[in-house]
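Student: here are the coordinates; sequence isn't available:
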């Protein structure tokens, strides 16, 4: 897990005055699961665990995954920051994520819009770029497609 993600979870816990145990309870996770994520014992937490943590912290998964903004920013600076798209630091990873999402969506033919497709590619790219080695996280992509496109698209399982 990236230190930025860990810091964002801790920052949001502190803002909500939540202990690790309370966050685990609210997220419906097992005892010590959040603690193990924060201590690095769980290197790649599942998308479902991260989603549950985000919901318990009353934020989106992308708020946690895109933990690139400094904690001291005010709301107006944060909204301006979000309007600026970050550069593609890993072009090969972007291509890999694009191909993976296109294949997954194509396998289930949901008639996704261009905006939906690009939004999913962007989220998979940012999530995958925070991990080592940098490669497209197919499980996250499958989960995201199922979550965002709902019953329109359930990727074929191998």
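Tutor: Received the coordinates, thanks. Note that the structure is a prediction, hence the values are computed from the model and not measured. Residues are numbered from 1 along each chain as shown.
Student: give the buried residues for stretch 111-131.
Tutor: Buried residues in stretch 111-131, defined by neighbour count with 16 or more other C-beta atoms under 10 Å: 112, 116-117, 119-130. For every residue, glycine as well, the C-beta is placed using N, CA and C.
Student: ranges for the helices of this protein?
Tutor: For the chain, the helices defined by DSSP state H occupy 3-15, 20-27, 33-38, 47-56, 61-65, 75-83, 91-108, 114-129, 138-149.
Student: returning to what we had before: just flag the most distant two among the buried residues of stretch 111-131.
Tutor: 112 and 130 (24.3 Å; C-beta to C-beta).
Student: geometrically speaking, which residue is the centre of the protein?
Tutor: Centroid-nearest residue in the chain, with C-alpha atoms, centre = their mean: residue 65, separated by 4.3 Å.
Student: tell me the domain ranges of this protein?
Tutor: 3-70, 91-152 (automatic domain parsing).
Student: now the ones you listed in CSV, with mean pLDDT?
Tutor: Formatted as CSV, those follow (pLDDT from 0 to 100):
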stretch, mean pLDDT
domain 3-70, 84
domain 91-152, 84
